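In: coordinates for the following, if possible.
(one chain, ligands or ions: 2)
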Amino acid sequence: MKIKKILVDSLQEAIELTKTMYGDKATIMSTKVVKTKKWLFFSTNKLEVTIGIADDEDFQSHFNKEKELYTEIEQIKTTLKDVVNVVKNVKQEPPQQTQTPKPQYQSNDDFSLRAMNLATKLINMGVEQDIAKKILEDSCGFDININRLDLKYEDDYESLKEGLSKNISLKALDFSKSILSILALVGPTGVGKTTTIAKLAYMYKTQGFKTGVITLDSYRTGAVQQLQSYVSLLEIPLRVADTPQKLRECIGELSSLDIIFIDTAGRSQYDSIRLKELKHYLENVPSLEIALTVSTTTDERIILDSAKKFGELGIKSMIFTKLDETVYPGCIVNASFKTNLPISFLTFGQKVPNDIEVATYDNLANILLRGTI
Ligand SMILES: Nc1nc2c(ncn2[C@@H]2O[C@H](COP(=O)(O)OP(=O)(O)OP(=O)(O)O)[C@@H](O)[C@H]2O)c(=O)[nH]1
Ligand SMILES: [Mg+2]
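Out: Numbers count the residues shown, from 1 in each chain. Ligands and ions are numbered 1, 2, ... in the order given. Reported below is the predicted structural model:
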């Protein structure tokens, strides 16, 4: 912008002059009264007017800026229209299905609240979600009043028993007082085979069966003495067999009994040579039933591996020990469900002969609901 100063007599003159000289580009910026010498000592008052004259570029850039502003406003208008359209379309579209999968037991959709509480208890006890769901479905019936699956009975205990009975099988060993039965316990080391044999021999003795024990664990230091101390206390005959042939002889010696329990040395499920050796002992033994003994304190994957490897011996049921030492008895249900092997006995302490029970849906439901038999 250029600045010019002019002297005029009045503001009116200044306005007219400015317009004539510079046109619309000029504006009066300020005025002030000044004295001018006219002749010798005479002076007159004049109005000094400061005029601002805009450059062409100023106009151009001003014009350009305005133009840009208008373009920007137009763009904003278009964007707003688009946004309004999108919002309208969203409103018209049917509500989209949520992608988040429904948590299995946190929805009221399928099960009643108390049914879901039961599922939560099972899961907290270590039962796998899918297995818990299966058991729950069988513990429930459809209640038309609430339009949901609800527990079949008033209390969760009875309902759970029903659910368990549909999914887990039990093996009640039908020992007879007229025919000789033989039960061998096999399994990994230290799971409680010997202790359980002593408990079993006594339990059936008190039920009127004539019981005896044969141990194949002759080489481990103290193994025979351990069993001897139990059976002599219980007045039960004990034999030691260190070869398959000797085993047959021992069975012959005890053939007048009703039940013979065979204790085996613990061996790793991954030691195929020792498993074969054991198989050699047990094959062709008449009326033989083999039970896999596993501890509930063992990792479930190891229990499943044991079931697979000892399965080659022809196991027919599972005995779960050391229930007193776990807070996750759900592994019993998981293992039995996955292997399809029935459960025969449960042990829950070191005391011989007391801490053992025949597996029932009652004691399983108790363990799962109350954590104790
Ligand atoms: N807490 C608890 N301990 C048990 C139970 N059953 C056995 N035990 C203990 O587990 C330990 C091992 O028991 P054993 O009967 O010797 O085990 P095993 O399977 O015969 O062992 P190996 O012959 O070495 O393979 C002992 O200290 C037993 O008292 C049970 O139900 N609960
Ligand atoms: Mg033993």
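In: for this structure, just list every one of the helices.
Out: Under the criterion DSSP state H, the chain contains helices at 11-22, 56-92, 113-124, 129-139, 156-167, 193-206, 223-234, 244-253, 272-282, 300-310, 330-339, 361-370.
In: so which of the ones you listed comes closest to residue 29?
Out: Closest to residue 29 of the helices of the chain is helix 11-22 (C-beta to C-beta; 10.4 Å). From N, CA and C alone the C-beta is placed, and that goes for glycine too.
In: what residues does that closest one touch?
Out: With C-beta atoms under 8 Å, 6 or more residues apart in numbering as the test, helix 11-22 has contacts from 4, 6, 8, 26-28, 31, 47, 49, 51, 53.
In: taking the stretch 101-250 of the chain, what residue is nearest to ligand 2?
Out: Residue of the stretch 101-250 of the chain nearest ligand 2, by C-beta to the ion: residue 194 (3.2 Å).
In: distance of residue 302 from residue 167?
Out: 22 Å (C-beta to C-beta, to the nearest Å).
In: go on, residue 113?
Out: 23 Å.
In: so which of the two has more stuff around it?
Out: Ranked by neighbour count (other C-beta atoms under 10 Å), residue 113 and residue 167 place residue 167 first, with 15 against 11.
In: not counting sequence-adjacent ones, nearest residue to the more buried one?
Out: residue 135 (5.3 Å; C-beta to C-beta, 6 or more residues apart in numbering).
In: likewise residue 204?
Out: Using C-beta to C-beta, 6+ apart and skipping the chain neighbours, the partner closest in space to residue 204 is residue 211 (5.1 Å).
In: how many residues are close by that neighbour?
Out: Applying the criterion other C-beta under 10 Å, we find 26 residues in the vicinity of residue 211.
In: who's in contact with it?
Out: So residue 211 contacts 200-202, 204-205, 236, 257-261 (C-beta under 8 Å, 6+ apart).
In: swap in 7 Å and give it another go.
Out: Applying C-beta atoms under 7 Å, 6 or more residues apart in numbering, we find residue 211 in contact with 201, 204-205, 236, 257-259, 261.
In: hang on, the earlier thing: what's the spacing between the residue of the stretch 101-250 of the chain closest to ligand 2 and residue 44?
Out: Taken as C-beta to C-beta, the span from residue 194 to residue 44 is 136 Å.
In: follow-up on the earlier one: can I get the contacts of residue 211 in TSV including neighbour count and distance to residue 251?
Out: As requested, the contacts of residue 211 are arranged in TSV below (neighbours: other C-beta atoms under 10 Å; distance: C-beta to C-beta, whole Å):
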residue	neighbour count	distance to residue 251
201	27	15
204	20	17
205	18	18
236	21	15
257	19	10
258	19	13
259	25	12
261	28	12
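In: where does this structure get nearest to ligand 1, residue-wise?
Out: Taking C-beta to the nearest ligand atom as the measure, the chain has residue 266 as its residue closest to ligand 1, at 2.0 Å.
In: is it true that that residue touches residue 185?
Out: No: if you go by C-beta atoms under 7 Å, residue 266 and residue 185 don't touch, sitting 9.8 Å apart.
In: give me the common contacts of these two.
Out: Residues touching both residue 266 and residue 185 (C-beta under 7 Å, 6+ apart) are residue 193.
In: the two: who's more crowded?
Out: Between residue 266 and residue 185, residue 185 has the larger neighbour count (other C-beta under 10 Å), namely 24 against 20.
In: once you drop chain neighbours, what's closest to the more buried one?
Out: residue 193 (4.5 Å).
In: the one you found and residue 217, how far apart?
Out: Look at residue 193 and residue 217: by C-beta to C-beta, they are 9 Å apart.
In: cool, and residue 348?
Out: According to C-beta to C-beta, residue 348 stands 23 Å off from residue 217.
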